[in-house]
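> no sequence on this one, just coordinates:
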């Protein structure tokens, strides 16, 4: 049985600038930036990128309870539908568990949040 990878994710958004950032933290990190977005979209983008990074079984943690609930149930609302489709396509055939964790509950969550804020400012890993 393959070892399960735990992935911490976060997304953030500055409604003054319209720029958001996202991050997924595992043994390696990935982050990015996007203009004209929302916190919801960046939280979801973090999950998509997290699932793409790991080939085997994994647990994806996020502090966005609504998105985790939808992902856990396999539902896709109309909002950000292309990202939901991308998430489920990336997750197809993989053993993935989506878990909600309170913000800043783990070191990975704090790192993901900082990387997301850095990405929002144009500094990416």
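Yes, it's here. The structure displayed is predicted, hence computed values, not measured ones.

> Residue nearest the middle of the protein, spatially speaking?
Nearest to the geometric centre of the chain sits residue 46, at 2.3 Å (CA atoms, centre = their mean).

> Let me see the confidence value for that one.
The model reports residue 46 with a pLDDT of 90.

> just checking, it touches residue 22?
Yes. Residue 46 is within contact range of residue 22, at 4.0 Å (criterion: CB atoms under 8 Å). Heads up, the C-betas are built off the backbone N, CA and C, glycines and all.

> where along the chain do the strands fall?
Per DSSP state E, the chain carries strands over the ranges 5-14, 19-25, 29-35, 58-62, 96-100.

> Of all those strands, which one is nearest residue 82?
Closest approach to residue 82 among these is made by strand 29-35 (13.0 Å; CB to CB).

> Buried ones in the closest one, by neighbour count?
Residues of strand 29-35 classed as buried: 29, 30, 31, 32, 33, 34 (neighbour count, 16 or more other CB atoms under 10 Å).

> Local confidence estimate at the residue lying closest to the fifth one once chain neighbours are set aside?
So the one you mean is residue 33. The shortest distance from residue 33 to any non-neighbouring residue, by CB to CB, 6 or more residues apart in numbering, is to residue 119 (4.4 Å). For residue 119, the pLDDT comes out at 79.
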